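[1] Provide a 3D model corresponding to the input given below.
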Amino acid sequence: MSEIHQAMSLSENDSLTKVAAEVSVQEAVEVAQLYFGVSGTASRLISERDQNFRLTCMNGSYVLKFAHPGEDSEVSNLQTEALLHIEHADPTLPVQRVIRTKDGQAELRLMMGGEERTVRLVSYLEGQLLRNAPVTLQQQRNLGVVSARLGKALRDFDHPAANHTLVWDIQHADRLSGMVTEISNLERRALLDNILDRFVRDIKPRYASMRTQIVHNDLNSDNALVSPENTDEVVAILDFGDMVRTPLINDVAVGAAYQLGELKHFLDGAKAFVAGYHSVTPLKLDEFALMYDLIMTRMVVRITISEWRAERFPENAAYILRNTSRAWQQLQALVLMDKEEVNAQFIRACQYKS
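    So this is what the prediction gives:
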């Protein structure tokens, strides 16, 4: 088995590498009407792996999701059950609600284009995509608060697929070494290799003592909505496709990595996010000690998978690489910073008290 194949021998291998058969707008309309009793018009939503549609109906809007056929059915069910659990654990959390079929099912397994896929209908949440909203420190703190509330709601949730191996999960970052070898720029490849080596040597052994749970694992600017009237207010957390059981601090580092800024304000947004999270779920000193390295490692994961996939799906490369250029710049800036000072800044931002 080749090194790259070994790196990709994970549960969502097919969903990263396989081109799924197209689901037409008309097919989406027919599925919604036949199985869910929902009639309306459908429009396609952008997605990296799945095929999603917005259904506009007389009584409101919904999202009809056709999971990638390469995604294991148990992993798809993990997402469905998580949404159902959250609805009862914290009904005020701004996440989509599962709409059951006419006969009461929370999801379906349907043959579409010769491939079996999980199909789910959820509520459509109104709001402005975080990516398109002005950024403030209050908004970033509020995002951390909602992220922590989501983690808290999931704390007692369990599922048979929770331990599936996901390449986007920081704890498996060392498995991406085969992908890194395909990056043509030697200087950049060496940078990624060095960070992965440090992760294996210094960080991964410390996971054994970390608290672990099922988390969202992908709180980026395309997976959150804010109120158009008050863009500091987070009104939705979307896309549970990267859910997994992992050390809780990984989820915090993922969210913080997406809040990095520019120049002298580089860490301000990330610190605001972590402070918001800490106000709901206090972090521990041993977790703060990993923050710098985990943020860098998550950025290596983002860059490596995105570049690798963009070469294989050139028709979707613009979407896949939409954040990659900025991620490279931020990673290079992080490398030049002092690890202990960065971690200390996060501790001070949270006003940590032992």
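[2] Would you state the strands of the stretch 201-350 of the chain in chain order?
    212-215, 224-226, 234-237, 244-247 (DSSP state E, counting those that start in this stretch).
[3] Would you map the helices across the stretch 201-350 of the chain?
    Counting by DSSP state H, counting those that start in this stretch, the stretch 201-350 of the chain has helices at residues 248-257, 268-280, 285-288, 291-312, 317-320, 324-335, 339-349.
[4] Let me have the strands of the stretch 201-350 of the chain in CSV, extended by distance to L137, mean neighbour count and mean pLDDT.
    For every residue, glycine as well, the C-beta is placed using N, CA and C. Below are those laid out as CSV (distance: least, Cβ to Cβ, whole Å; neighbours: other Cβ atoms under 10 Å; pLDDT from 0 to 100):
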stretch, distance to L137, mean neighbour count, mean pLDDT
strand 212-215, 24, 22, 98
strand 224-226, 14, 24, 98
strand 234-237, 14, 22, 98
strand 244-247, 26, 24, 98
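[5] contacting residues for Y352?
    Counting by Cβ atoms under 8 Å, 6 or more residues apart in numbering, Y352 makes contact with 278, 282-283, 285, 288.
[6] do Y258 as well
    219-221.
[7] Which secondary structure element is home to E116?
    Under the criterion of DSSP states H and E, E116 resides in strand 115-123.
[8] Rounded mean pLDDT for the helix or strand following that strand, please.
    Remark: after strand 115-123, the chain's next helix or strand is strand 128-129, criterion DSSP H and E. Average pLDDT, strand 128-129: 98.
[9] So what are the sheet partners of strand 128-129 and their directions?
    strand 224-226 (antiparallel) (DSSP bridges).
[10] contacting residues around the strand it pairs with?
    Contacts for strand 224-226 (Cβ under 8 Å, 6+ apart): 94, 125-130, 133, 139, 143, 146, 232-238.
[11] Just the buried subset of those, written out for ChimeraX, thanks.
    Restricted to buried positions by 16 or more other Cβ atoms under 10 Å, the ChimeraX selection for those reads:
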select :94,125,127,128,130,133,139,143,146,232,233,234,235,236,237,238
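[12] returning to that earlier point: dump the helices of the stretch 201-350 of the chain into CSV; add distance to Q105, mean neighbour count and mean pLDDT as well.
    Supplementary listing: the helices of the stretch 201-350 of the chain in CSV, determined by distance: least, Cβ to Cβ, whole Å; neighbours: other Cβ under 10 Å; pLDDT from 0 to 100:
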stretch, distance to Q105, mean neighbour count, mean pLDDT
helix 248-257, 30, 26, 98
helix 268-280, 34, 23, 98
helix 285-288, 39, 16, 97
helix 291-312, 32, 22, 92
helix 317-320, 31, 14, 84
helix 324-335, 39, 16, 92
helix 339-349, 44, 16, 97
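[13] of all these, which lies closest to D90?
    helix 268-280 (11.2 Å; Cβ to Cβ).
[14] if we can go back for a sec, nearest to R120 among the helices of the stretch 201-350 of the chain would be which one?
    Between R120 and the helices of the stretch 201-350 of the chain, the shortest separation by Cβ to Cβ is 21.7 Å, and it involves helix 317-320.
[15] Distance from the chain centre to the closest one, please.
    16 Å (Cα atoms, centre = their mean, to the nearest Å).
[16] and it, C-alpha only, in PDB?
    Taking C-alpha atoms only, helix 317-320 is exported to PDB below (Å, rounded to 0.1, in the frame of the first residue of the first chain):
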ATOM      1  CA  ALA A 317     -11.100  24.100  -6.700                       C
ATOM      2  CA  ALA A 318     -12.100  27.700  -6.100                       C
ATOM      3  CA  TYR A 319     -14.500  26.700  -3.400                       C
ATOM      4  CA  ILE A 320     -12.100  24.200  -1.800                       C
END
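[17] Show me what that helix is packed against.
    helix 291-312 (3 or more Cβ pairs under 8 Å, 6 or more residues apart in numbering; DSSP states H and E).
[18] Which secondary structure elements does the helix it packs on sit against?
    With contacts taken as 3+ Cβ pairs under 8 Å, 6+ apart, helix 291-312 sits against helix 13-17, helix 177-180, helix 186-198, helix 248-257, helix 317-320, helix 324-335, helix 339-349.
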